[in-house]
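1. Here's a sequence, model it:
(2 chains)
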Number of protein chains: 2
Amino acid sequence: MQVYSIFLTLAGSIIALAFAGLTARKVLKFDRGNDLMKKISDSVKSGANAYLKRQYTVVLVFFAVMFIILSAMSITGLLTPFVPFAFVTGGFFSGLSGFVGMKIATSANARTANACIDGLNKGLRVAFSAGSVMGFTVVGLGLFDISLWFILLKFAFKLTPDAITAAMLTFGMGASSMALFARVGGGIFTKAADVGADLVGKVEAGIPEDDPRNPAVIADNVGDNVGDVAGMGADLYESYVGSVISSMALGVAAFKGSVYGAISVPLLIATAGILCSIIGTFLVRTRENASQKDLLKSLSRGTNFSAVMIAIISFPIVYFCLDGFKTIGIYFAILAGLIAGVLIGRSTEYFTSDSYSPTKKLAQKSETGSATIIIGGLGLGMLSTALPIVIVAACILIAFFVSGGKGNSNLGLYGIALSAVGMLSTLGITLATDAYGPVADNAGGIAEMAGLDKSVRERTDALDSLGNTTAATGKGFAIGSAALTALALMASYINKVKEISPDANTVFDLMSPTVLVGLFIGTCLPFIFAALTMDSVGKAAQSVVVEVRRQFRHIVGLMEGKADADYATCVDLCTKASLREMVLPTVVAIITPILTGIILGYQGVVGMLAGATSCGFLLAIFMSNSGGAWDNAKKYIESGVHGGKGSDQHKGAVVGDTVGDPFKDTSGPSINILIKLLSMVSIVFAAVVVKYHIL
Amino acid sequence: MQVYSIFLTLAGSIIALAFAGLTARKVLKFDRGNDLMKKISDSVKSGANAYLKRQYTVVLVFFAVMFIILSAMSITGLLTPFVPFAFVTGGFFSGLSGFVGMKIATSANARTANACIDGLNKGLRVAFSAGSVMGFTVVGLGLFDISLWFILLKFAFKLTPDAITAAMLTFGMGASSMALFARVGGGIFTKAADVGADLVGKVEAGIPEDDPRNPAVIADNVGDNVGDVAGMGADLYESYVGSVISSMALGVAAFKGSVYGAISVPLLIATAGILCSIIGTFLVRTRENASQKDLLKSLSRGTNFSAVMIAIISFPIVYFCLDGFKTIGIYFAILAGLIAGVLIGRSTEYFTSDSYSPTKKLAQKSETGSATIIIGGLGLGMLSTALPIVIVAACILIAFFVSGGKGNSNLGLYGIALSAVGMLSTLGITLATDAYGPVADNAGGIAEMAGLDKSVRERTDALDSLGNTTAATGKGFAIGSAALTALALMASYINKVKEISPDANTVFDLMSPTVLVGLFIGTCLPFIFAALTMDSVGKAAQSVVVEVRRQFRHIVGLMEGKADADYATCVDLCTKASLREMVLPTVVAIITPILTGIILGYQGVVGMLAGATSCGFLLAIFMSNSGGAWDNAKKYIESGVHGGKGSDQHKGAVVGDTVGDPFKDTSGPSINILIKLLSMVSIVFAAVVVKYHIL
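-> As a prediction, the model looks like this:
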């Protein structure tokens, strides 16, 4: 019976996609404003298209090569024949999530700006609706992909539950690879454009920010969509799918008798989460002369309602799918994940918002120059890792033990995986509150460039500023769920090894030198990855600088506003640079687990995964929070304290903000994906490693 | 028979101390120069004394409290009665190492400056001799402490080998605590003085560096001795002693039959290392008009000779102490450690010296401002972790497997511990080449302040610049040996747990939630520790700024050179601030392993130690190398490239250097000690944790 719950999930995914579609239609009905606004918005849109065209070429080549490799492995019997296809669909849907998100975001920016002419509430509706399209596309496509494969493998190929989940686990690698491309590429793009535009436009040519004469200004606006929208979408698509599938796989291992019940739990929670999120979106609206606090309350109303709803609904799901009160502890694992997500978000907010003392104190350090604000920001970011680590540690322990991990460790691991599902269950709406920020940001740029009334810019600023706070919460979810999902995938990897080689040693003793060396290497990876991505931003920005300088010199009448800048070339350049630069980090992320496995064996791989997960989690939080705090410290100073805009203190804070750019928008978030991709690659290549390894 | 080799070690330690004493006498025979030089040198010396006075007061209180706690634990049977006393002697000798090093360094600075009047070779002899005093005091006191305790426990108390090594392991905690005080306190002192002196003196008052009118100038010079000399000495004392003792303990576990042979190997290698190092020091001399290359060659001749000698002598030691050719693999473990130490040093040099492309490229980033040089430096430091991690990983694997770890893991762990002993065996001379740098640095300051001929300053600069390179190598040894020693201590901790509770589960499965959560917490600790120490530097510097401003305002005639600045107050202030600020980090380092143990049990403690060791190793390298590269990039620019001194590029590089100061001189090196102290505390409190824990 329980096996048919998959059709509920399929239905839920279709509802989510339909809701996204309806919401998109609603957004598109709004007016795009005057001709200038349309022109600017079109430039951003065509820039985004230029990026997508180039990106898909690179990605296509990569996927083709991987498809051939995986097919060859299938033929030699190292993989099941489904893997190459699963790999491709995972990548396709992940890419599609980013694509749809970016499309709607670039369509909504001018509409948001125009709606803000009428009032704040209308502006919020447009921007938030655009965010919702993104949010529900991600969860809808995720569950759609999962249900289709499940139905195909179960009812067409009639595989056993073990075989189904084993095959499905591998399509995560496609999603992860695509997500890494989107996040790293997008992250490099947005920061290269940002830095390039600032360095030549603001510093050398002396024209203000968002000035249409700056050839890189459109690239900068494209970057917001490419990095913050598409990157975030692909990232969370992959966490979402990864957490659901790994729970399914661990459920099969934990419940030998009633596997379909165990499989149903994550599926039904995700499905219920979609419905709760949809209802939640209807609660997001505000009064006309709303303060920022009101705006935040309005958004919180939606997300809190969804969270409470799912907390209630999960209880009967666990009760009926599993063994009633005997296994009800698992419900509390889900609850722990839900609460942990919220708490990590709060902790991020505390450390990065200028409403609290850490960022205020950081702003004060600008009084003694840029060096002290840099040291202060690095210290703040490092210190801010303590709370999330305690929260996640508590979540892991609670989830493991309440689920009955003491007697049966598979049950405990199932609980940990479900805590990630719980954390991500309301992703539809949490992602909406997150993705609407860049839309409001773009709208502000358009309002500025189109010379709209000052009150419009004030309204978009109010929306944007709120977006920073919700983005902080969103990042908390992304990082926390990445860590828990990575742990679940690690457990799935071990089960995979056991499946391939039943007499494998699946105790991973920290005192074994291969495990230990794996741990060292894994701990090192996030550092290397962060270094490579930061370096890439630098190089890509350099090439933008050269191009912008060239245009200023060679396009006659550009500075006088008589000739148009060649925006497309800048966008294309950013695209090329970012796609070129992201190859090395991606290769490192894919090759290292394979190499580690071949040298150290699967014992070393588990050590590596543990090291990368724990260190990556910390480094991601450190970099995101340092970057966020610098950004907000700068904005805080711009609000008039410590000398205000233009003062020496402000210049110091700008240095901090610039350092923070690649921290928070490129390296930090990419590490989330890195730690999951490492597990995914390990799972796909498990058979190779078990068969061929040196130590 | 073999048990009597301890008397050879005792003799070796006495030879080392005698050699240090004779060298000190030789140094003191040189002339201190003219009256002004004497006056300046006396100020530095009295400043150092002021620091010591205050430091020992704090340390005394800490040790008294700990002595009472440990005594109480002894009485209740949780510890053997030797522990409180061993704790105190460990701390005493570690402190004495730092004290002697600082005394000789502050006595040699003016003498080096004066010797440089006669020529470069004479200057090198004085500075290097002062470094040698420090180096041989550290190894001499270390082996002296070890031999005395061994003789006492073996021949007076007639304990078994197990009991002897178990008791001796605990005195490492005293040494570690003292080292942490010295490193953190010294690190905060030196950077607070440095930053304070610069901010008010150079920036506000507009007087040059090393100007005697600056009330903080002496504190700055004291800081070099306090941070770089005393801190480094206490750090390496503790690594040295820790690696020898943990090898002895692991040898007892590995060789049930011929324990005294296994105990003798580390003792005899350390003893032979002293003799090789002494001979090596006689090879350090140079021609009069030597280039920097010649100088480096001269130092390398000494260290290389010692290393080759010890590589040869270790062979018969292993052959005769153990089972001939049957266990000769262990010799290669020692060799691996020796080579790994050299390679890590080379890697550090490559990433931080301006002779190679990374630092040159970093300097070039100053062209686009301070933000890009900061991002570049952070990226460089992160990337520079890759090579050391591969080197240490290879060393661990080689040491483990060649020692026969595959059949008997205790043998493999013994091999890993001995690789640390191999790495540190020539510490006498490597520390000498390291500790002479700050002496030359101080000599340069005195030459400047006393207005000596320009050629003198050029000579001290040549010595100082070389000191930066050897310091890089020294840091490589310190970090590499800290990681290996920490692993050996981790193994010793597990043996300790087994000894306390023979049926303890001594498999530490990464998939056990307590181990995993311990790992997460351990990974977090170095981040927290780095954040706290960076924050402390900021706060302490702030109080120096206030005091210097006060003196400029209130001491009539100071700016005109008619009245003396009140140096002692500044020194006292730095001392107070640094000692106050170091309490929190130290408390965190001591409390965390105990708390972790009580909540998660000994399984969690091992997870924590593994996480802290791997992440701490990386963070220490990252921070040291970023700091070193920024420092040298600034010096490279000062040599005339990229605009040279005073240009905007130079200003950008100065920001990088200032950020790098706490990185490389406070936080980075302190982490070395942190990871060892965590293990030491865990070992001492093992009985408590095994008896009382929640999970």
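2. So which bits of the stretch 151-300 of chain A are right by chain B?
-> Where the stretch 151-300 of chain A comes near chain B, counting by CB under 8 Å from any CB of the partner chain, the residues are A:L199. The way it works is simple: take the backbone N, C-alpha and C, and place the C-beta from them, glycine included.
3. how about the helices in the stretch 151-300 of chain A?
-> A:161-169, A:171-180, A:186-196, A:217-223, A:232-254, A:259-281, A:292-321 (DSSP state H, counting those that start in this stretch).
4. Just the buried positions in the last one, please.
-> Along helix A:292-321, these residues count as buried under the neighbour rule (16 or more other CB atoms under 10 Å in any protein chain shown): A:295-296, A:298-300, A:302-307, A:309-311, A:313-314, A:317-319, A:321.
5. Can I get the helices of the stretch 151-300 of chain A in CSV including mean pLDDT?
-> Output for the helices of the stretch 151-300 of chain A, formatted as CSV (pLDDT from 0 to 100):
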stretch, mean pLDDT
helix A:161-169, 87
helix A:171-180, 87
helix A:186-196, 87
helix A:217-223, 86
helix A:232-254, 90
helix A:259-281, 94
helix A:292-321, 89
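6. now those as CSV including distance to B:G379?
-> Output for these, formatted as CSV (distance: least, CB to CB, whole Å):
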stretch, distance to B:G379
helix A:161-169, 34
helix A:171-180, 19
helix A:186-196, 13
helix A:217-223, 20
helix A:232-254, 22
helix A:259-281, 38
helix A:292-321, 36
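7. Figure out which of these is closest to B:S291.
-> Using CB to CB as the measure, helix A:186-196 is the one of the helices of the stretch 151-300 of chain A that comes nearest B:S291, at 41.4 Å.
8. list the buried ones in that closest one?
-> Burial within helix A:186-196, assessed by neighbour count using 16+ other CB under 10 Å, is assigned to A:186-196.
9. same thing with stretch A:401-409?
-> Buried residues in stretch A:401-409, counting neighbours by 16+ other CB under 10 Å, are found at A:401-405, A:409.
10. Counting by contacts, list what the host helix or strand of A:T9 packs against.
-> According to DSSP states H and E, A:T9 maps onto helix A:5-29. In this structure, helix A:5-29 makes packing contacts with helix A:83-118, helix A:120-151, helix A:259-281, judged by 3 or more CB pairs under 8 Å, 6 or more residues apart in numbering or on different chains; DSSP states H and E.
11. Could you check the angle it makes with helix A:259-281?
-> Here helix A:5-29 runs at 20 degrees with respect to helix A:259-281, directions being taken by axes from the mean of the first three to the mean of the last three CA atoms, to 10 degrees.
12. For helix A:5-29, list every residue counted as buried.
-> By neighbour count on 16+ other CB under 10 Å, the buried set for helix A:5-29 is A:5-6, A:9-10, A:12-13, A:15-17, A:19-20, A:23-24, A:27.
13. any chance of those residues in JSON lines, plus distance to B:R346 and pLDDT?
-> Rendered in JSON lines, the data for these read as follows (distance: CB to CB, whole Å; pLDDT from 0 to 100):
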{"residue": "A:S5", "distance to B:R346": "61", "pLDDT": "88"}
{"residue": "A:I6", "distance to B:R346": "58", "pLDDT": "92"}
{"residue": "A:T9", "distance to B:R346": "57", "pLDDT": "95"}
{"residue": "A:L10", "distance to B:R346": "60", "pLDDT": "96"}
{"residue": "A:G12", "distance to B:R346": "59", "pLDDT": "96"}
{"residue": "A:S13", "distance to B:R346": "56", "pLDDT": "97"}
{"residue": "A:I15", "distance to B:R346": "62", "pLDDT": "97"}
{"residue": "A:A16", "distance to B:R346": "57", "pLDDT": "97"}
{"residue": "A:L17", "distance to B:R346": "57", "pLDDT": "97"}
{"residue": "A:F19", "distance to B:R346": "60", "pLDDT": "97"}
{"residue": "A:A20", "distance to B:R346": "56", "pLDDT": "96"}
{"residue": "A:T23", "distance to B:R346": "60", "pLDDT": "96"}
{"residue": "A:A24", "distance to B:R346": "59", "pLDDT": "96"}
{"residue": "A:V27", "distance to B:R346": "59", "pLDDT": "94"}
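14. nearest to A:G451, of those residues?
-> Each of the buried residues of helix A:5-29 was scored against A:G451 by CB to CB, and A:V27 proved nearest at 24.1 Å.
15. so how far is chain B from that closest one?
-> 37 Å (CB to the nearest CB, to the nearest Å).
16. Repeat that for A:V659.
-> When CB to the nearest CB is applied, the distance between A:V659 and chain B equals 5 Å.
17. Excluding chain neighbours, give the residue nearest to that residue in space.
-> For A:V659, ignoring the flanking residues on the chain, the nearest one in space by CB to CB, 6 or more residues apart in numbering or on different chains is B:I374 at 4.9 Å.
18. Likewise for A:P81?
-> Beyond its immediate neighbours in the sequence, the residue positioned closest to A:P81 (CB to CB, 6+ apart) is A:S74, lying 4.9 Å away.
19. my guess is the one you found meets A:A86, correct?
-> No - in this structure, A:S74 sits apart from A:A86 without contact. The criterion is CB atoms under 8 Å, and the distance is 10.8 Å.
20. Which of these two has more residues huddled nearby?
-> It is A:A86, of A:S74 and A:A86, that has more neighbours when counted by other CB atoms under 10 Å in any protein chain shown, with 26 against 16.
21. isn't the more buried one right up against A:T170?
-> Yes - proximity of A:A86 to A:T170 meets the contact threshold set by CB under 8 Å, at 5.3 Å.
22. mind checking which helix or strand the residue nearest to A:V659 is in?
-> Using DSSP H and E, B:I374 maps to helix B:370-383.
23. Repeat that for A:I671.
-> When elements are assigned from DSSP H and E, A:I671 belongs to helix A:668-684.
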